[in-house]
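# Give me a 3D structure for the following:
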Amino acid sequence: MIEIKNIHKNYGTLEVLKGINLIIPEQKIVTITGASGAGKSTLLYILGTLDLPEYGEVLYDNQNVALLSPNRLAAFRNLNIGFVFQFHHLLPEFTALENVCIPAWIKGENKKNAEKHALKLLELLNLKERSGHKPAELSGGEQQRVAVARALINSPKVILADEPSGNLDTHTKRELHQLFFNLRDELKQTFVIVTHDQELADISDLKISLRDGKIEEMQ
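Below is the predicted model of the structure:
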């Protein structure tokens, strides 16, 4: 169970989030929509512990992670949260397999076990034959699937995605969206996705609409 209570966030004198209360259901696709400046990415980063609120609580299994020390928070993030961004942020000097392994290596998993798990994920995402290729040798859709595999490597509680299909063509975008639903069903994975894509939002399990730093609608 992931819950946020009365989250407020300011940047200087600008109040971006104005008392957000939200429960993220397990094993669901949750989308966050709204106009630019509504607070979508800020909410996602606070949910992912990449940013901290002025006040309010971010609870993972009833633990307020905002109270953790920086080192413990980084370790918590590595084990419990996977990230996928609009621009995949793969390291260009590493192969697809190595990019997927990086969070597992940070966790301390040995090289052989990490690579074995990474290969299984790449196979699940139809990328096994591309495992030895570097990002520049992959298509945009393939790069994003590698980023998804990287997000999955530590079996996180939740994957947070910020406009993950915003840089893809229509066909590749729909393939990526379908992948999220397949992973929800096959791996029992939870996704929270910030998106401007109305098609994805309409088929998600829960659609949250933000307006001026507040939840306008949930359906």
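
# CA atoms of the longest helix anywhere in the chain as CSV?
Secondary structure assigned by DSSP state H gives helix 170-187 as the longest helix of the chain. Provided in CSV are the C-alpha atoms of helix 170-187 (Å, rounded to 0.1, in the frame of the first residue of the first chain):
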residue,chain,number,x,y,z
THR,A,170,2.0,6.3,-32.5
HIS,A,171,2.6,2.6,-33.2
THR,A,172,5.6,2.3,-30.8
LYS,A,173,3.7,4.3,-28.1
ARG,A,174,0.8,1.8,-28.2
GLU,A,175,3.2,-1.1,-28.0
LEU,A,176,4.8,0.4,-24.9
HIS,A,177,1.4,1.1,-23.3
GLN,A,178,0.3,-2.5,-23.9
LEU,A,179,3.6,-3.7,-22.3
PHE,A,180,2.7,-1.9,-19.1
PHE,A,181,-0.6,-3.8,-19.0
ASN,A,182,1.1,-7.1,-19.7
LEU,A,183,3.6,-6.4,-16.9
ARG,A,184,0.7,-5.6,-14.6
ASP,A,185,-0.9,-8.9,-15.4
GLU,A,186,2.2,-11.1,-15.6
LEU,A,187,4.4,-9.6,-12.8
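
# average pLDDT for it?
On average, the pLDDT along helix 170-187 is 85.

# Geometric centre of the chain: which residue is closest?
Leu160 (1.8 Å; Cα atoms, centre = their mean).

# nearest spatial neighbour of that residue, skipping sequence neighbours?
Gly48 (4.7 Å; Cβ to Cβ, 6 or more residues apart in numbering). Just so you know, the C-beta spots here come from the backbone N, C-alpha and C atoms, and that holds for glycine as well.

# Look at the one you found and report its pLDDT.
For Gly48, the model assigns a pLDDT of 90.

# Repeat that for the one 3 residues further on.
Among the per-residue scores, Asp51 holds a pLDDT of 88.

# and it, backbone torsions?
When read as degrees, to the nearest 10, the backbone of Asp51 gives phi -140, psi 160.

# tell me which element the residue lying closest to it once chain neighbours are set aside falls in.
Nearest residue to Asp51 in three dimensions, chain neighbours excluded: Tyr45, at 4.2 Å (Cβ to Cβ, 6+ apart). For Tyr45, the element it lies in under DSSP states H and E is helix 40-47.

# what does that helix rub up against?
Contact with helix 40-47 is made by 2, 4, 7, 9, 16-17, 20, 24, 32-34, 51-53, 58, 158, 160, 162, 192, 194, 210, as judged by Cβ atoms under 8 Å, 6 or more residues apart in numbering.

# likewise stretch 159-167?
By Cβ under 8 Å, 6+ apart, the list of residues contacting stretch 159-167 reads 41, 44, 47-48, 81-87, 140, 144, 147-148, 151-152, 172-173, 176-177, 180, 189-197, 200.
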